[in-house]
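>>> Pasting the sequence and the predicted model now:
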Amino acid sequence: MFDIQTETIEWAGRTLTLETGRMARQANGAVLATYGETTVLATAVAMKDVKPGVDFFPLTVNYQEKYFAAGKIPGGYFKREGRPTEKETLTSRLIDRPIRPLFPKGFKNDTQVMITVLSHDLENDPDIVSMVGASAALCLSGLPFLGPIGAARVGYRNGEYLINPSVIETGKSDLDLVVAGTSDAVMMVESEAKELSEDIMLGAVMAGHKAFQPVIDMIIRLAEKAAKEPWAFESEDHCELEEKVRGLAGEEIARAYAITNKTERQAAVGVAKEKVMAELAATEENCEGVDPAVLKDVIKSVEARVVRGGIIRTGKRIDGRTLDQVRPIISEATVLPRTHGSALFTRGETQALAVVTLGTGEDEQFIDALTGTYKERFLLHYNFPPYSVGETSFRLAPGRREIGHGKLAWRALNAVMPDSEAFPYTVRLVSEITESNGSSSMATVCGGSLALMDAGVPITRPVSGIAMGLIKDPEGVAVLSDILGDEDHLGDMDFKVAGTEAGVTSLQMDIKIAGITKEIMQTALDQARGGRLHILEEMNKALSGAREGLNEYAPKIETMKIPTDKIRDVIGAGGKVIRQIVEETGAKVNVEDDGLIKISAVSAGSIKGAYDWIKSLTAEPEVGKIYKGTVVKVVDFGAFVNFFGPRDGLVHVSQMKNERVGHPGDVVSEGQDVWVKLVALDDRGKVRLSMKVVDQETGKEIIRHKNGE
């Protein structure tokens, strides 16, 4: 009944298997991909007809994790998978980015790629096998996909590259890099690094590209056995129409792109477009005109040719800069009066307002993942309001773009964040993009670094970021530093590099053409380093290191470590003790399973009160020390005194005074405060105290000399 076709290889120490013909047979292409014991189902489906008026390629990639894959039941009230998690959104973007450029220009059929995680071995992250599965499904589908692509994860430890390291190995690595591409070139890079050099980063990209070549060969072998008939698709030739548009408005478009100001430039370009649309677009009155969707594409092609040609020929950019020149930078710190830390970073017409809020352990984010629930203490939220580009729109939940840009900035800054031992705070960094013309994610990195330092977060070193572009034409190649929005739209590459003066902390690359070479990447990395260091110099004019001490409005945190068997004494039955500490001192108290206690409050007095209280509950009294206690019970042979937290001890009647005492009640009464010295504490916990050796007025020990004085 099933016509099952499989291909299997040993890849980086594990078995990779691709299977088709058993599941999802009504999809255009479907592949069951297994790596180790992690299995995903990848499907590709496209509609046969193009929707009227569509002037773009409507590709949707959906990566979804099923909790049953790891033998888990989802948390929450409904007990089923809900809206996409951040991990699912980021992986969807990861898969989308290398496959989108490999569809031919002019293909506008609604296309959906879905990847479902069916089994997870808690060792291999599903993202790599998902990219491989998606590539294979597209190659089998018959769609005009110019693949296949391969993908690999690369780590770096002790001077060696690790191919597809496990989840645990990745956590110990100095690098977490994902690279995807074709047999000839790299298409996409996403990474987080611990201040590594450009040479190491480039070496990692090339190591990953080499490592996934057997996977590409494997997909080709499977396609030779099981691929469907190719779709009949031919790209439309609009050369004549392009020449007509160029003759009609080419000079006006060229003049418009010579305008430095973004708003004025867009207005001038808009006038030229309107002229072309009015002259050539089909309307009710002009039935023989050109389809408006087609005409918009052609106008964009003319814009690209004008801008790209001008850059290649003259070495000058849209705004008059040279290829490696960075726009003017203004860095400001402490721009908001009541926040814990703030900064405003402006680069040309791109501006990010970064704000830091410090919290306690209660503010940590719990993240429910297939590998288990964990807590995150550094949060970065990126927002892109429509006013930043002079537009209006509905304000909805953060989209894929906002989540992706925020995660890129998080990776860039996470490498320099202090550990919880050195800085026991939860840190939330919010980036509000107030203007945008160029990379707002890299502005977030720069502004975020300044805001963290303004808040007194002891980051290792300041971090800056820069976005690079590429123009690759038959006439030549140009690598552009600090690209404008128009250069991003009309160029061939978006290449973002962030790092400190010591090395790279994050690298992201997206390509719109069929990949780039090692030499171009080397040029881009070298040029990016110069730009990053220049930006760091400008940032240092505002703030070059973390401020000493925290903002007066930020919570203060004191930590202490207690034996784990003392945790119950601090918490008390039903949480009674810890609630009393919080209510009476006004401090927040967070107790970890390993005995680490974090005490936080704005008032230092509140922290001291809680600290001393907890210390009295958990510390052990010392023989020979003097304590102030309270008489809790008087008996015939002495009195019991509560002198150290919950601990009581006996003051024998013979230890009350330096004279004979008839009855203990003649000296003390219940509730009376007395000074006592701890005389003895045996292994059974029996405590002996003395009052007669302590001056009851001053609490000082009475020193007796040999002569009795």
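Cool, the structure landed. Since we're looking at a predicted model, the values are computed, not measured.
>>> State the distance from H238 to T260.
31 Å (C-beta to C-beta, to the nearest Å). Just so you know, the C-beta spots here come from the backbone N, C-alpha and C atoms, and that holds for glycine as well.
>>> Mind checking which of those two has more residues around it?
H238 (17 against 13; other C-beta atoms under 10 Å).
>>> Just give the number of residues close to the closest residue to G341 other than its chain neighbours.
Using C-beta to C-beta, 6 or more residues apart in numbering and skipping the chain neighbours, the partner closest in space to G341 is A455 (2.5 Å). By other C-beta under 10 Å, the residues close to A455 number 27.
>>> quick one: A455 and A354 touch, right?
No: using C-beta atoms under 8 Å, A455 is not in contact with A354; the gap is 10.0 Å.
>>> low pLDDT regions in the stretch 451-600 of the chain?
514-515 (pLDDT under 70).
>>> Leaving out the residues flanking it, which one is nearest to N164?
A12 (4.2 Å).
>>> low-confidence ranges in the chain?
284-287, 514-515, 683, 685, 704-709.
>>> quick one: contacts for G309?
D473, E475 (C-beta atoms under 8 Å, 6 or more residues apart in numbering).
>>> so how far is M187 from it?
G309 is 25 Å from M187, by C-beta to C-beta.
>>> Verify the stated contact: E37 with L118.
No: using C-beta under 8 Å as the test, E37 is too far from L118 to be in contact (10.7 Å).
>>> Which of these two has more residues huddled nearby?
L118 (17 against 13).
>>> element containing that one, please.
Using DSSP states H and E, L118 falls within strand 111-119.
>>> Sheet partners, orientation included, of that strand?
Paired neighbours of strand 111-119 in the sheet (DSSP bridges): strand 38-46 (antiparallel), strand 59-65 (parallel).
>>> I'd like the next helix or strand past it.
Past strand 111-119, the next helix or strand by DSSP H and E is helix 126-141.
>>> Would you map the helices across the stretch 501-650 of the chain?
Under the criterion DSSP state H, counting those that start in this stretch, the stretch 501-650 of the chain carries helices at the ranges 518-540, 567-571, 576-585, 604-618.
>>> Tell me the buried residues in the longest one?
Of the residues in helix 518-540, those scored as buried under the neighbour-count criterion (16 or more other C-beta atoms under 10 Å) are 520-521, 523-525, 527-529, 531-532, 534-536, 538-539.
>>> for that helix, packing partners?
Packing partners of helix 518-540 (3 or more C-beta pairs under 8 Å, 6 or more residues apart in numbering; DSSP states H and E): helix 198-211, strand 329-333, helix 440-454, strand 464-473, strand 476-481, strand 493-499.
>>> Recalculate using a threshold of 6 Å.
With contacts taken as 3 or more C-beta pairs under 6 Å, 6 or more residues apart in numbering; DSSP states H and E, helix 518-540 sits against helix 198-211, strand 329-333, strand 464-473, strand 476-481.
>>> quick check, distance from that helix to the centre of its chain.
On the basis of C-alpha atoms, centre = their mean, to the nearest Å, helix 518-540 sits 22 Å off its chain's mean C-alpha point.
>>> can you check stretch 333-347 too?
That offset, for stretch 333-347, works out to 21 Å (C-alpha atoms, centre = their mean).
>>> Compute the first-to-last residue distance for it.
15 Å (C-alpha to C-alpha, to the nearest Å).
>>> which outside residues touch that stretch?
With contact meaning C-beta atoms under 6 Å, 6 or more residues apart in numbering, stretch 333-347 is reached by 327, 329-332, 352-358, 443, 446-447, 450-451, 454-455, 542-543, 551, 553-554.
>>> Quick check: buried residues in it?
Neighbour count says stretch 333-347 has A333, T334, V335, T339, H340, G341, S342, A343, L344, F345, T346, R347 buried, by 16+ other C-beta under 10 Å.
>>> Most widely separated two among those?
H340 and R347 (24.2 Å; C-beta to C-beta).
>>> Mind telling me what element L295 is part of?
helix 292-314.
>>> Just the CA trace of that helix, in CSV.
Extracted as CSV, the C-alpha positions of helix 292-314 are listed here (Å, rounded to 0.1, in the frame of the first residue of the first chain):
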residue,chain,number,x,y,z
PRO,A,292,-0.6,47.0,-11.6
ALA,A,293,1.0,44.2,-9.6
VAL,A,294,3.4,43.5,-12.4
LEU,A,295,4.1,47.1,-12.9
LYS,A,296,5.0,47.6,-9.2
ASP,A,297,7.5,44.7,-9.6
VAL,A,298,9.1,46.3,-12.6
ILE,A,299,9.3,49.7,-10.9
LYS,A,300,11.1,48.1,-8.1
SER,A,301,13.5,46.5,-10.5
VAL,A,302,14.3,49.9,-12.1
GLU,A,303,14.8,51.4,-8.6
ALA,A,304,17.3,48.5,-7.8
ARG,A,305,19.1,49.0,-11.1
VAL,A,306,19.5,52.7,-10.6
VAL,A,307,20.6,52.5,-7.0
ARG,A,308,22.9,49.5,-7.4
GLY,A,309,24.5,50.7,-10.6
GLY,A,310,25.2,54.1,-9.0
ILE,A,311,26.9,52.5,-6.0
ILE,A,312,29.1,50.2,-8.2
ARG,A,313,30.1,52.9,-10.6
THR,A,314,30.8,55.8,-8.2
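>>> Run the angle between that helix and strand 464-473 for me.
100 degrees (axes from the mean of the first three to the mean of the last three C-alpha atoms, to 10 degrees).
>>> how big is the angle separating helix 292-314 from strand 476-481?
Going by the same axes, to 10 degrees, helix 292-314 makes 90 degrees with strand 476-481.
>>> Tell me which residues of helix 292-314 come out buried.
Buried, per 16+ other C-beta under 10 Å, within helix 292-314: 294-299, 301-308, 310-312.
>>> Make a PyMOL selection of the buried ones in the contacts of stretch 333-347.
In PyMOL, a selection of the buried entries from the contacts of stretch 333-347 looks like this (16+ other C-beta under 10 Å):
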select buried, resi 327+329+331+332+352+353+354+355+356+357+358+443+446+447+450+451+454+455+542+543+551+554
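>>> Tell me which stretches of the stretch 51-200 of the chain form helices.
86-99, 126-141, 167-172, 198-211.
>>> Out of the ones you listed, the one nearest V623 is which?
helix 167-172 (45.5 Å).
>>> Now find how far off-centre the closest one is within its chain.
The answer for helix 167-172 is 17 Å, by C-alpha atoms, centre = their mean.
>>> okay, it in CSV with CA atoms only?
What follows is helix 167-172, C-alpha atoms only, in CSV (Å, rounded to 0.1, in the frame of the first residue of the first chain):
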residue,chain,number,x,y,z
VAL,A,167,22.1,20.3,23.8
ILE,A,168,24.5,19.8,26.7
GLU,A,169,27.6,20.3,24.6
THR,A,170,26.2,23.5,23.1
GLY,A,171,25.7,24.9,26.6
LYS,A,172,29.4,24.4,27.4
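>>> which helices and strands sit right next to it?
Counting by 3+ C-beta pairs under 6 Å, 6+ apart, helix 167-172 packs on no helix or strand.
>>> Could you pull out the buried residues of it?
Buried-residue list, helix 167-172, by 16+ other C-beta under 10 Å: T170.
>>> List of residues touching it?
Residues contacting helix 167-172 (C-beta under 6 Å, 6+ apart): G155, D176.
>>> repeat that for 10 Å
Defining contact as C-beta atoms under 10 Å, 6 or more residues apart in numbering, one finds that helix 167-172 is touched by 120-125, 153-155, 157, 162, 164-166, 176-177, 192, 370-371.
>>> what does stretch 388-402 give?
61, 83-84, 86, 89-90, 92-93, 96, 262-263, 266, 349-352, 381-387, 403-406, 431-437, 440-441, 485.
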